[in-house]
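Novice: Just to be clear, the model below is a prediction. Sequence and coordinates:
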Amino acid sequence: MPDGAAPILDVNNLKTIFRTRDGEVHAVNSVSFDVGPGELLGVVGESGSGKSVTMMSLMGLLPSPPAEIVSGEILYQGSDVRKMSEAQLRDLRGGDVGFVFQDPMTSLNPVFTVGYQLVEPLQIHMGLSKKAARARAAELLDLVGIPDARKRLSDYPHQFSGGMRQRVMIAIALACDPKLLIADEPTTALDVTIQAQIIELVRDLRQQLGMAIVWITHDLGVVAGIADRVMVMYGGQIVEHAPVGELFANPQHPYTRALLETVPRVDGTRDARLRSIQGQPPSLAAHPASCPFAARCGHVFDRCLVENPERRDVGARHDVACFWDARTREPYNG
Amino acid sequence: MFTYTLRRLAFAVPTLLIISFIIFVILDMAPNDPTASLPLTIPPEVRQQIRDALGLDQPMPIRYFKWCVQFFWNEPVNLIEQWTGWTIGDSESRLRVISWQTRSPVVDLIAERMPQTLWVVGMSYVVGILIAIPIGVISAYKQYSWFDQFGTLFSMAGFSVPTFFTGLLFIVIFSVNLQWFPSVYDTTHRVTDWDSFWFQVRQMIMPVMVLALFNASQISRFMRASMLDNLQQDYVRTARAKGLRERAVLLIHVLRNSMIPVVTVIALGVPQIFGGAIITEQIFRVNGLGQLLIVGIQSADIPLVQTLTFIFAVLIVLFNLVADVLYGILDPRIRYD
Ligand SMILES: Nc1ncnc2c1ncn2[C@@H]1O[C@H](COP(=O)(O)OP(=O)(O)OP(=O)(O)O)[C@@H](O)[C@H]1O
Ligand SMILES: [Mg+2]
């Protein structure tokens, strides 16, 4: 991304909570980030860290109740999504902003043909006639590498394999030339070779079409291969954010460092075994007045337990939310 | 799908034969005497002669066989003759299933009563479905809203209060007190102009509504549960993420999926409706099939009861098949072949 270009998406202090019978769940807590045009932002974090909820919040895709966005600003090309009317929001969804979800087995409607499901957004957003929309739908299936595209339009989702269905989902997301594609763990449900194919496909498509991408994943290895920038989420917060090279070369947050140690390395020596992170993910029930990672952190000290660290800059476009200084290996004073 | 349907139809034949035999045996074991309602002055020898004349002196298997021949062969041939005007063989001596009580062919009696039942019962089913589906959809979409709470109450009441009670309640309120609708259904009424049409509508409203409310309370619960199931599904989120209007998400994507189990429940419920109608027909004096059956049972009119019960059995088997076929048509994932 050319530095300084106006971001296509700019999120400030987003807070999303779920009001459940057992109390409020603070799933997304003061999250701020931006995505530049054509940029690929990787989002990593373990299960339950709030990655999906953050992205669903952006386009109002969370069921409400129980979900509620309590504060924050979501600027899409400068205008606040939260102040938009339902109709304006619908224009964004599937038009300017495409979504790909985690599970291709359940994300497509089983009783409609793939063609019908592809034609729908084309008719809504681009006002195409039925015939033109079908022609474009066949083009799209072709684009995502589904052989015999025209014929397969009249097939139902269950007639496709998992990987092929995810390609169909990608085709739907790309149908109306989105400027931003949000891919929520698009490869998690697929086996490894298919994963690699999908990643390759997205990389190609990005080069051809030039949209910005937010790519959510559990897998730092995937991020290393495709992302420009990475943000690491933990307990509903962004704990570290940096360009991809910088993050791998110079991880600051103890959680990021722990995550990196869990990535199996091809060139790793024998004793560098895959390690899982000790301890339980945090409960999101209460608004934390301490660092959410404190209970699992190897460098925890008294301040971590009484104060929630703010993000501080540690380099060019690199920030971390931690009181511990990875460089000096001491508590940070500032 | 087509071969599947044919295969199922072929299986239905032995099933129905066995059912007809079981019905025959059970009716034969019942302590019935077709002469019981005749005047007491008739001497026992004459009574015995009457019974012999009805064929009751023959052994049960012979009587069953005769009924089979009459019902499965003679009656269809007769129907074909009536429709086409042809003469097939010796139509004069062909024996039909004859009602002991009225001495007229059972099939003619049924054909005469069928329209009343179809109008009242069929209409009530259609009205019930038309009430149930929107209630189910809205209740699920606005789960726990006051509308949903009210719908739950309504269906619990409709489901747990028997139709003979609601029927009487309706008569007391709308016929006796308000005098809006007649309490007795006049089957001889013919629709010739607007006034007589209006009268027909008025006399149908109460029996139709009593049955419709009962049906609606059941179907709306199925509809609601099915919608709730589907609203949780991932494809709903995908539909929203495509920028569809909420109405399209609900009425195209979710409804289409939710209808699959509901349609089968509706198809399976059709024969039950005839059963439920027996009581309602009795209360409102609609002389349809239900009433015919009651009268037949009361007068020990075995051929009539046998034939009607068997027709209900045919309906059950048939609509089971209809439900399966509809399921296969509505859900592309189902492949029967
Ligand atoms: N409908 C809901 N009601 C209550 N809490 C919810 C709901 N949906 C999500 N949450 C909570 O929000 C938190 C964040 O969930 P989210 O789905 O964003 O995690 P994630 O990072 O996407 O995890 P994964 O990698 O497993 O997809 C979780 O702790 C979860 O319990
Ligand atoms: Mg998720």
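Specialist: Thanks, I have the structure now. Residues are numbered from 1 along each chain as shown, chains lettered A, B, ... in the order given. Ligands and ions are numbered 1, 2, ... in the order given.
Novice: Just the closest residue of the stretch 51-200 of chain A to chain B, please.
Specialist: Here the residue of the stretch 51-200 of chain A nearest chain B is residue A:94; by CB to the nearest CB that distance is 3.5 Å. (Each C-beta comes from the backbone N, C-alpha and C, glycine too.)
Novice: List the contacts of that residue.
Specialist: Neighbouring residues of residue A:94 by CB atoms under 8 Å, 6 or more residues apart in numbering or on different chains: A:121, A:124, A:125, A:172, A:173, A:175, A:176, A:178, B:241, B:242, B:243, B:244.
Novice: Determine the number of other residues adjacent to residue B:65.
Specialist: Close neighbours of residue B:65, defined as other CB atoms under 10 Å in any protein chain shown, add up to 12.
Novice: remind me which residues of chain A are low pLDDT?
Specialist: For chain A, the stretches with pLDDT under 70 are A:1-4, A:262-287, A:334.
Novice: Mind listing what's buried along the lengthiest helix in it?
Specialist: Using DSSP state H, we find that the single longest helix of chain A is helix A:192-209. The neighbour-count check on helix A:192-209 (16 or more other CB atoms under 10 Å in any protein chain shown) flags A:194, A:195, A:197, A:198, A:199, A:201, A:202, A:205, A:206 as buried.
Novice: do the same with stretch A:306-314
Specialist: Result for stretch A:306-314 [16+ other CB under 10 Å]: buried residues A:308, A:309, A:311, A:314.
Novice: which one among these gets closest to residue B:71?
Specialist: Nearest to residue B:71 among those is residue A:308, at 83.4 Å by CB to CB.
Novice: Identify the residue nearest that closest one in space, chain neighbours excluded?
Specialist: Excluding the flanking residues, the one nearest residue A:308 by CB to CB, 6 or more residues apart in numbering or on different chains is residue A:288, at 5.4 Å.
Novice: ok so, going back, residues contacting the longest helix of chain A, please?
Specialist: By CB under 8 Å, 6+ apart, helix A:192-209 touches A:38, A:40, A:143-145, A:162-163, A:166-167, A:170, A:174, A:177, A:183, A:186-187, A:190, A:213, A:215, A:222, A:225-226.
Novice: of those residues, buried ones?
Specialist: Applying 16+ other CB under 10 Å to these flags A:38, A:40, A:143-145, A:163, A:166-167, A:170, A:174, A:183, A:186-187, A:190, A:213, A:215, A:222, A:226 as buried.
Novice: give the contact list for residue B:199.
Specialist: Contacts of residue B:199 by CB under 8 Å, 6+ apart are residue B:189.
Novice: Let me fix that, I meant to ask about residue B:86.
Specialist: Contacts of residue B:86 by CB under 8 Å, 6+ apart are residue B:80.
Novice: Phi first, then psi, for it.
Specialist: The phi/psi pair for residue B:86 (degrees, to the nearest 10) reads phi -80, psi 170.
Novice: So which other helices or strands are in contact with the helix or strand just after the longest helix of chain A?
Specialist: For helix A:192-209, the following helix or strand on the C-terminal side (DSSP states H and E) is strand A:212-217. When contacts are defined as 3 or more CB pairs under 8 Å, 6 or more residues apart in numbering or on different chains; DSSP states H and E, strand A:212-217 sits against strand A:40-44, helix A:51-58, strand A:180-184, helix A:192-209, helix A:220-226.
Novice: hmm, who's touching the last one?
Specialist: Looking back up the chat, that one is helix A:220-226. By CB under 8 Å, 6+ apart, helix A:220-226 touches A:40, A:42, A:44, A:187, A:195, A:199, A:202-203, A:215, A:217, A:230, A:244, A:248, A:259-260, A:262-264.
Novice: if we can go back for a sec, among the buried residues of stretch A:306-314, name the ones that also lie close to ligand 1.
Specialist: Contacts with ligand 1 are made by none of the buried residues of stretch A:306-314, judged by CB under 6 Å from any ligand atom.
Novice: Not counting sequence-adjacent ones, nearest residue to residue B:211?
Specialist: Counting by CB to CB, 6+ apart, residue B:211 lies nearest to residue B:124, which is 3.4 Å off, once chain neighbours are set aside.
Novice: roughly how far apart are the one you found and residue B:165?
Specialist: Computed as CB to CB, to the nearest Å, the residue B:124 to residue B:165 distance reads 16 Å.
Novice: So those two - more neighbours on which side?
Specialist: residue B:124 (26 against 12).
Novice: Could you check how far the closest residue to residue A:93 other than its chain neighbours is from residue B:175?
Specialist: In this structure, residue A:93 finds its nearest non-sequential neighbour in residue B:243, 4.1 Å apart by CB to CB, 6+ apart. In this view, residue B:243 and residue B:175 are 54 Å apart by CB to CB.
Novice: what do you get for residue A:80?
Specialist: Computed with CB to CB, the distance linking residue A:80 and residue B:175 is 62 Å.
Novice: what number of residues lie near the residue nearest to residue A:93?
Specialist: Neighbourhood size, residue B:243 [other CB under 10 Å]: 24.
Novice: Wait, it touches residue A:122, no?
Specialist: No - look at residue B:243 against residue A:122 with CB atoms under 8 Å: they stay out of range, at 10.8 Å.
Novice: Next, count neighbours for residue 246.
Specialist: Using chain A here. By the criterion of other CB under 10 Å, residue A:246 has 18 neighbours.
Novice: actually it's chain B I care about, not the one you picked
Specialist: By other CB under 10 Å, the residues close to residue B:246 number 12.
Novice: per-residue pLDDT, it?
Specialist: Per-residue confidence (pLDDT) for residue B:246: 91.
Novice: give me every residue that touches it.
Specialist: Counting by CB under 8 Å, 6+ apart, residue B:246 makes contact with A:86, B:240.
Novice: Quick check: it vs residue B:216, distance?
Specialist: 25 Å.
Novice: Helix or strand: which one has residue A:5?
Specialist: Residue A:5 belongs to no helix or strand when assigned by DSSP H and E.
Novice: Make sure it is actually in contact with residue A:36.
Specialist: Yes - between residue A:5 and residue A:36 there is a contact under CB under 8 Å: 5.6 Å.
Novice: Among those two, which residue is more densely surrounded?
Specialist: Neighbours around residue A:5 and residue A:36, counted as other CB under 10 Å, are more numerous at residue A:36. The numbers are 20 against 11.
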